[in-house]
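Visitor: How does the following fold in three dimensions:
(chains A, B and C)
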Amino acid sequence: MRWLPQNVSTFGGDIDWVFRLILYIVGVWFILAEGTLLYFVLRYRRKSGRSALFNDGETWRELAWVFIPALIVLVLDLGIDAAGGSVWDKIKGGPPPATVEVQVKAKQFNWEFTYAGPDGKFGTADDITSENELHVPINQVVRLTLTSADVIHSFFAPNLRLKQDIVPGRTIPAWFEATATGSYPIACTELCGFGHYSMAGTLVVQSPQDYARWLKEHSTQSTASADTDRARRAN
Amino acid sequence: MGSSEVSANAGAGTASAGDLQSTGSDRLLRELPIGKIGIWWFLASEIMIFGGLITCYVLMRIAHGGWEAEAAHVKWRLGAANTLVLVTSSLTMILAHYSVERDDRGAVSRYLGITVILGLVFLGIKTFEYWSDLREGFTPLSGMFWSFYYMMTGLHAIHVTAGIVINAVLFVMARRGTLWPRVQQRVEFAGLYWHFVDVVWIFLFPLLYLS
Amino acid sequence: MAEQVHAQGIAGSQIESHHELGFLRRYIFSVDHKTIAKQYLSLSLFMAIVGGFTAYLIRWQLAWPETSVAGWGYVEPDGYNAIVTMHGTIMVFFVAMPMLLGAFGNFLIPLMVGAGDMAFPRLNAFSFWTLFTASMVLLASFFVPGGPAAAGWTSYAPLSDNPLYTGVNWGINLWIIAVALEFASFLMGGVNFLTTALNMRARGMTLWRMPLMVWMEIIAAVVFLLSVGPLVAGAVMLLLDRTIGTGFFAPDRGGDPLLWQHLFWFFGHPEVYVVALPGFGVMMEVMPVFSRKPIFGYRTIVTSVIAAGLLSFIVWAHHMFVSGMDPRLATPFSITTILISVPFAIMVFAMIATLWRGSISLKTPMLFALGGLASFMLGGVTGIFLGSAAVDIYLHGTYFVVAHFHYTLFPTVFFGGFAGLYYWYPKMFGRMMNETLGQIHFVLTFVCFNAVFIPLFLTGLAGNPRRIYETTAYEFLKPVQPLHVIATIATIVLLLGQFPFIANFVVSMFRGARAPQNPWQANTLEWQTDSPPPHGNFRTIPVVFRGPYDYTVPAAAQDWAPQSQSDREIGLAAAGG
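Guide: Numbers count the residues shown, from 1 in each chain, chains lettered A, B, ... in the order given. Predicted coordinates:
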């Protein structure tokens, strides 16, 4: 599907599959319905000598033309629901065992990603905090814990097909497993104030070695680079 | 509440059969006094407003562990007294309506008057209650329970006040004799509204005072 | 209001020698439903210009960020959020509702059921003036310090809950008050619709003989009535949070932001059907007339619309799939959402079936009705994507949603609205509009509307978030920027393309050909009285003998059969019917 961005997520393919299923089903209906509409409009243009047919759709035989297509629509609808339901459960039904845990704090107007650091515990002195850059290793389940410092934000990584609103006062989990290295965008998809448009983040998927190296570099380094990032954006 | 400009049954015309295919239920609808639909419409919207509010309160309360500590300081005796007052006032309203049917004009104005007085008693007790609560430091900002308490009882009190005004106007009209001839409708509609106000309180009382 | 002088002048004195009303009582505080309808119409058209202008500002900013908008100036990020908020608020509450319910409902219901006026004329006038006040409050919010509301037309908390988060103080408070007054206005208006339609129908006008327009209006009114209450409660809570510091929606004070979303969407979803249904009603009136055929499946349509109205109350959380609510709720709401497509499918199929073996005349009202139906279908099918929770994970909050709802709202509100205006203009104002200008207006509107929103579907698929001041702030969206430029150019042409309509509307009022009683040869009762109708609507209240859609009745003398004419009068033998 050319118009969707590259999928680098294990469950992204499932979403794309349901999308395509819906696209083909409604596409056929859409073309049929519009085609019929257009055909009728052209075919039954007013012509002298021909009058309209009085049929008002009050008999079951006539109504069959409406009810049978509607029934087909219903059946296809339920099929779409069934297909999507299992995908939804898989993604939002609770994360599989994760090897990487990241705490995500969204605020007006940037992202803070915190890693537990060498001791493996959050809230300790060796935690690593990255501004706007979420580094993860490839092919490992990453579990995110999403919190907000102020208003509702929404974590959206298009290439992961992942989106989750972040509500202050709540701790909301999300998970993914990335399948290709590279840099991918993160956006905020819930209006959060005048800087909403500028909450651009980056998802960096790395090889396990590169990821480990990045962690090591950042655990000793202060967040000085993050400060310059912030200053640059505050214009 | 009824309109004087257009007759409610303007369309009925003179009787005649022909192929008019008017069904029984159709005629029933058409012969309803127009104010009746109006008052029920209004009450339906009010039910949705209070219903929405009450539902929010219930769900929030359940979700947040019951608010028992906060709710312990409500003045349930005053609340109970008010319940008695309001229920009695609904009774007097019914008696006013009954007096209309018996064409006892004196009784109509008497019962309307008592209803007004009971309404004022309700507001008086409520005012005293608010004053005591505030004096003890329980303001609308004293936590979620109290926010809901003040909002729900406050909104209800506004509706009680409106009802008192309506009933007072009807009382004056009854005394002057200008309530007739459309007394039937007016007392009935005012009664429906007043009963609604009473029913809302009957929901609020246990939810706020007894839990 | 010169057209009203004209309108009242022709027929006003003929029917009753009632008291001579002063200017104020006659035009400003009129209780005549036809005048009130025109007041609603004027208000909605004015607000449409304001709303259209906000669309222009939004689209310019998106296509050419960091430039100054021609005719306005530079748009700042917080100003942008305010403009987006006001665009949605104005269009839904101050254009769609006043035009489709206030104007069409008020004008048509008494006429179509054969009544002399609405059941509660003074309440009717009061409801308009309440809306007028609401509009003034909303427009005033543009001028207060901090500017107008900027939290989206959905006003999610806590963004909207605390002035600190938006920098907007009185703007949002006034927004809340304006919207609350608008709710009150339509609650009052609705009681008139229902009472008049139930109580004041002419003799012979059974419920199953009422025109579909009337059905749509009263079902819309009932849906509105039953859905708005919880949001009224929510609005009070939001106002209290903002002014005295309660914490209904503030997590740090024990509240829950999601509570606002539930309250808002419990109303918000039925609301979109409230504004869509009358638009369909217009299409269902116009299509039989211009196909000379009955509407296909009248009773089926009524039943479907009632079903859709009922279902609309249990789909709301499809706006909240990824909101953080319990994920298990997604499944039931996905099911109800997808079910609601069935009654709409039935309606669409029935409308298409109406055209089969018809004798179709493509006058402007019919062009807009057909264009609206065709466009709505794209909105309808794109809803299926969003109703599937799994796919919604990706599409929620992107331009796909924006395009979807513009493809459902614009066709019903604007195409339906234009169809209705061109169709009933002769009846309302006693003049004919210019047909050529109408066709030009249609072509421009139809082509440009599609040119605006199809590109936006595509940007949404690419991941373009909504309510974004600068798309180019995202590297990954730079490739779709040309689509934004196309959409903006199309928007500008679309807006300019409304000038033929405005010119037509205004000039025809003075220079249009005098309209006969029934220029379209239609059956419904409003066409069996003068154009415009006199005070009291009918010289004698009609008696009704048939349904509204008896076109091309076999063996009748002509291809139309007014509801107020018996079988004998339309030339049928005595045994016919």
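
Visitor: Every contact and neighbour count from this point should use C-alpha atoms.
Guide: OK.

Visitor: Chain A contacts on the stretch 401-550 of chain C?
Guide: Neighbours of chain A within the stretch 401-550 of chain C, by Cα under 8 Å from any Cα of the partner chain: C:458, C:461-463, C:465-471, C:473-476.

Visitor: Buried ones among those?
Guide: C:458, C:461-463, C:465-471, C:474, C:476 (16 or more other Cα atoms under 10 Å in any protein chain shown).

Visitor: Tell me how many other residues crowd the closest residue to chain A within chain B.
Guide: Chain A sits closest to residue B:64 of chain B, with a gap of 12.6 Å, by Cα to the nearest Cα. By the measure other Cα atoms under 10 Å in any protein chain shown, the count of residues near residue B:64 is 12.

Visitor: Kindly report the same for residue A:51.
Guide: Residue A:51, neighbours per other Cα under 10 Å, totals 18.

Visitor: same thing with residue A:72?
Guide: Residues near residue A:72, counting by other Cα under 10 Å, number 12.

Visitor: Taking chain A, what residue is nearest to chain B?
Guide: Chain B sits closest to residue A:169 of chain A, with a gap of 12.6 Å, by Cα to the nearest Cα.

Visitor: Can you verify my assumption that that residue contacts residue C:253?
Guide: No - Residue A:169 is beyond contact range of residue C:253, at 9.8 Å (criterion: Cα atoms under 8 Å).

Visitor: Need the single longest helix in chain B, by residues.
Guide: helix B:144-176 (DSSP state H).

Visitor: just checking, what packs against it?
Guide: Judged by 3 or more Cα pairs under 8 Å, 6 or more residues apart in numbering or on different chains; DSSP states H and E, helix B:144-176 is in contact with helix B:34-63, helix B:68-71, helix B:105-135, helix B:183-204.

Visitor: Of those helices, which is nearest residue C:239?
Guide: Closest of those to residue C:239 is helix B:34-63, at 14.3 Å (criterion: Cα to Cα).

Visitor: just the angle between that closest one and helix B:183-204, please?
Guide: Angle, helix B:34-63 to helix B:183-204, by axes from the mean of the first three to the mean of the last three Cα atoms, to 10 degrees: 0 degrees.

Visitor: Would you tell me whether helix B:34-63 gets close to chain C?
Guide: Yes - Helix B:34-63 is in contact with chain C by Cα under 8 Å from any Cα, via B:34, B:37-38, B:41-42, B:44-53, B:56.

Visitor: from these, which single one is nearest residue C:248?
Guide: Of all the residues of helix B:34-63 next to chain C, residue C:248 sits closest to residue B:56, with 9.7 Å by Cα to Cα.

Visitor: picking that back up, out of the residues of the stretch 401-550 of chain C next to chain A, which sit inside helices?
Guide: Per DSSP H, the subset of those in helices is C:458, C:461.

Visitor: picking that back up, mean pLDDT lowest for which of the helices and strands packed on helix B:144-176?
Guide: Note on the helices and strands packed on helix B:144-176: helix B:68-71 shows the lowest mean pLDDT, a mean of 86.

Visitor: From the contact counts, what lies against it?
Guide: helix B:144-176.

Visitor: model confidence over the helix it packs on, on average?
Guide: For helix B:144-176, mean pLDDT rounds to 95.

Visitor: buried ones in that helix?
Guide: Buried, per 16+ other Cα under 10 Å, within helix B:144-176: B:144-153, B:156-157, B:159-161, B:163-164, B:166-168, B:170-171, B:174-175.

Visitor: and if you look at stretch C:291-298?
Guide: Buried, per 16+ other Cα under 10 Å, within stretch C:291-298: C:291, C:292, C:293, C:294, C:295, C:296, C:297, C:298.

Visitor: what comes into contact with that stretch?
Guide: Applying Cα atoms under 8 Å, 6 or more residues apart in numbering or on different chains, the set of residues contacting stretch C:291-298 from outside is A:52-58, A:63, C:212, C:284, C:287-288, C:350-351, C:353-355, C:358-361, C:549-552, C:559-560.

Visitor: Mind doing that once more with 7 Å?
Guide: A:52-58, A:63, C:284, C:288, C:350-351, C:353-355, C:358-361, C:549-552, C:559 (Cα atoms under 7 Å, 6 or more residues apart in numbering or on different chains).

Visitor: Weed out the non-buried ones from those residues.
Guide: Buried members of the contacts of stretch C:291-298, counted by 16+ other Cα under 10 Å: A:52-57, A:63, C:284, C:288, C:350-351, C:353-355, C:358-361, C:549-552, C:559.

Visitor: So which of these are in helices?
Guide: In helices, judged by DSSP H, the following of the buried ones among the contacts of stretch C:291-298 are found: A:63, C:284, C:288, C:350, C:351, C:353, C:354, C:355.

Visitor: Mind putting the residues you listed into a markdown table with distance to residue C:452 and pLDDT?
Guide: Formatted as a markdown table, those follow (distance: Cα to Cα, whole Å; pLDDT from 0 to 100):
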| residue | distance to residue C:452 | pLDDT |
| --- | --- | --- |
| A:63 | 36 | 95 |
| C:284 | 27 | 98 |
| C:288 | 30 | 98 |
| C:350 | 29 | 97 |
| C:351 | 26 | 97 |
| C:353 | 29 | 97 |
| C:354 | 30 | 97 |
| C:355 | 28 | 97 |
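
Visitor: tell me which element the nearest residue to residue C:318 once chain neighbours are set aside falls in.
Guide: Distance criterion Cα to Cα, 6 or more residues apart in numbering or on different chains; nearest residue to residue C:318, sequence neighbours excluded, is residue C:333 at 6.0 Å. Residue C:333 is located in helix C:330-339, with elements delineated by DSSP states H and E.
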